[in-house]
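K.L.:
A predicted structure for the sequence below; I have some questions about it.
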Amino acid sequence: MIRDGRAVSHSIITRHVTIKGFDMRAYDGSLKDWNRAMGTMWEACKSHGEKLNINHRTRITLCAVGINAKLLPDNAVLNV
């Protein structure tokens, strides 16, 4: 699941969430740190090839039934 960097930066700064290596003083610093971390995660995920299923948090929230149906085609764990 991928979350929007702006939302993450806002949460980190307004809620005073401590994350090792993240700049909690400014949005631009926090966003740069988030982008760096996402780049590392993206490279790790790409190594899995076609098994990778990327879902953006916003899409999961807004289209939960459609996303879940795609992820769980047999409705194995789908409780809506």
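P.N.:
Yep, it's here.
K.L.:
tell me which stretches of this structure form helices.
P.N.:
5-14, 27-46, 57-62, 64-71 (DSSP state H).
K.L.:
got the CA positions of the last one in PDB?
P.N.:
This file holds the C-alpha atoms of helix 64-71, laid out as PDB (Å, rounded to 0.1, in the frame of the first residue of the first chain):
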ATOM      1  CA  ALA A  64     -12.700  -0.800  -1.200                       C
ATOM      2  CA  VAL A  65     -15.100  -3.300  -2.800                       C
ATOM      3  CA  GLY A  66     -13.500  -3.100  -6.300                       C
ATOM      4  CA  ILE A  67      -9.900  -3.300  -4.900                       C
ATOM      5  CA  ASN A  68     -10.700  -6.200  -2.600                       C
ATOM      6  CA  ALA A  69     -12.500  -8.100  -5.400                       C
ATOM      7  CA  LYS A  70      -9.400  -7.700  -7.500                       C
ATOM      8  CA  LEU A  71      -7.100  -8.800  -4.700                       C
END
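K.L.:
and it, which residues are buried?
P.N.:
67-68 (16 or more other C-beta atoms under 10 Å). C-beta coordinates here come from the backbone N, C-alpha and C atoms, glycine included.
K.L.:
now do stretch 23-33
P.N.:
Buried, per 16+ other C-beta under 10 Å, within stretch 23-33: 23, 30-31, 33.
K.L.:
quick check: residue 36 vs residue 13, distance?
P.N.:
17 Å (C-beta to C-beta, to the nearest Å).
K.L.:
these two: which has the busier surroundings?
P.N.:
Neighbour count, other C-beta atoms under 10 Å: between residue 36 and residue 13, residue 13 has more, with 17 against 12.
K.L.:
right, and the more buried one touches residue 28 too?
P.N.:
No - counting by C-beta atoms under 8 Å, residue 13 does not reach residue 28; the two are 10.8 Å apart.
K.L.:
what about stretch 20-32, how long is it end to end?
P.N.:
14 Å (C-alpha to C-alpha, to the nearest Å).
K.L.:
average pLDDT for that stretch?
P.N.:
With pLDDT averaged residue by residue, stretch 20-32 scores 86.
K.L.:
need the contact partners of it.
P.N.:
5-6, 8-10, 12-13, 16-18, 33-34, 37 (C-beta atoms under 8 Å, 6 or more residues apart in numbering).
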